[in-house]
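Asker: Pasting a predicted model and its sequence here:
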Amino acid sequence: MNILVVLDGNAGTLDEAARLARERGASLTGLFVREAGWNDYLGHDWLSGSNARAGFLDYVADREGELEAAVTESFPERTSDVPATLKIAAGRVAEEIVKEARQGYDLIVCSNPLTRGLEIVRDGAAVLARDTPCSLYFVERDA
């Protein structure tokens, strides 16, 4: 069995995926997706050259980098007792998850609500439910 866990900084989701992998003798792949759609989401209007827009894009890039570093550091520690692989991708979060899921996973584990990147406004969970070729397991986000 192959399990894909969507890494979003929620320790509870990663811990639950690792528990499932242990119980089922499964391999675990952690996927962190750097949201690449902020530039398009903000649009290209007369504010495109403004410092506010550029400053916001820099802020988002910094936050994505910080979260990626934190996830990269914690993943091996939390999955040391199961066969685990870490993957990093860039793009629209739900689309990248679906693309990876089509590589042969039996289960996707992700936080509910799915709030990585722009999925908070795109309803990424609905995309996953509609487009993934395997089962989904949603874990309530840590408070």
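Answerer: That came through fine.

Asker: Skip the chain neighbours and tell me the closest residue to Lys87.
Answerer: Spatially, and ignoring its direct neighbours in sequence, Lys87 is nearest to Leu31 (5.0 Å; C-beta to C-beta, 6 or more residues apart in numbering). In this view, the C-beta of every residue, glycine as well, is placed from N, C-alpha and C.

Asker: Just give me the neighbour total for Arg102.
Answerer: The number of residues packed near Arg102 is 12, by other C-beta atoms under 10 Å.

Asker: for this protein, what's the longest helix?
Answerer: Among all segments of the chain classified by DSSP state H, the helix with the greatest residue count is helix 51-78.

Asker: what helices or strands is it leaning on?
Answerer: Helix 51-78 is packed against helix 11-24, strand 27-35, helix 38-42, strand 84-91, with contacts defined by 3 or more C-beta pairs under 8 Å, 6 or more residues apart in numbering; DSSP states H and E.

Asker: one step back: tell me the bridge partners for the residue nearest to Lys87.
Answerer: Here Leu31 shows beta-bridge partners Val6, Lys87, assigned using DSSP bridges.

Asker: That concludes my questions; thank you for your assistance.
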